[in-house]
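**Student:** build me a model from this:
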Amino acid sequence: MVKEIILNDRMIPVTNYQESVEDELVMISVDFKVSHEEYHEITTLLYKGSFDVNVPEKNVSFFATIQNYFTSITNLYQEGEVGDFHLSLVEMKR
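**Tutor:** From the prediction side, this is the model:
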């Protein structure tokens, strides 16, 4: 099972990973945890919308955009809290 992905040089440990190919485009969906301390850095990264994606364990690299993204309703502004994030990416041709 894939344990991490890299978005724009930021390693993200994942708890779930799914990969498919549709119309020759790679699509991945991941679930991961985000702590109060990581919240600002991760959300700032995700607001960019497009990323260089690397999945080292699968030897897969591509440029992608967000297809779907959602989080738990956890208040990550509170110290000690951890939220659940889900992210689906689809490859973009440059």
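**Student:** tell me the bridge partners for residue 61.
**Tutor:** Note on residue 61: beta-bridge partners by DSSP bridges are residue 54.
**Student:** all strands for this structure, in order.
**Tutor:** For the chain, applying DSSP state E gives strands covering 4-7, 10-13, 16-22, 25-35, 50-55, 60-71, 82-91.
**Student:** and the angle for the last one with strand 50-55?
**Tutor:** Think strand 82-91. Counting by axes from the mean of the first three to the mean of the last three C-alpha atoms, to 10 degrees, strand 82-91 lies at 100 degrees to strand 50-55.
**Student:** what angle sits between strand 82-91 and strand 60-71?
**Tutor:** If you take the same axes, to 10 degrees, strand 82-91 sits at 130 degrees to strand 60-71.
**Student:** strand 82-91: partners in the sheet, and parallel or antiparallel?
**Tutor:** When DSSP bridges is applied, strand 82-91 pairs with strand 25-35 (antiparallel), strand 60-71 (antiparallel).
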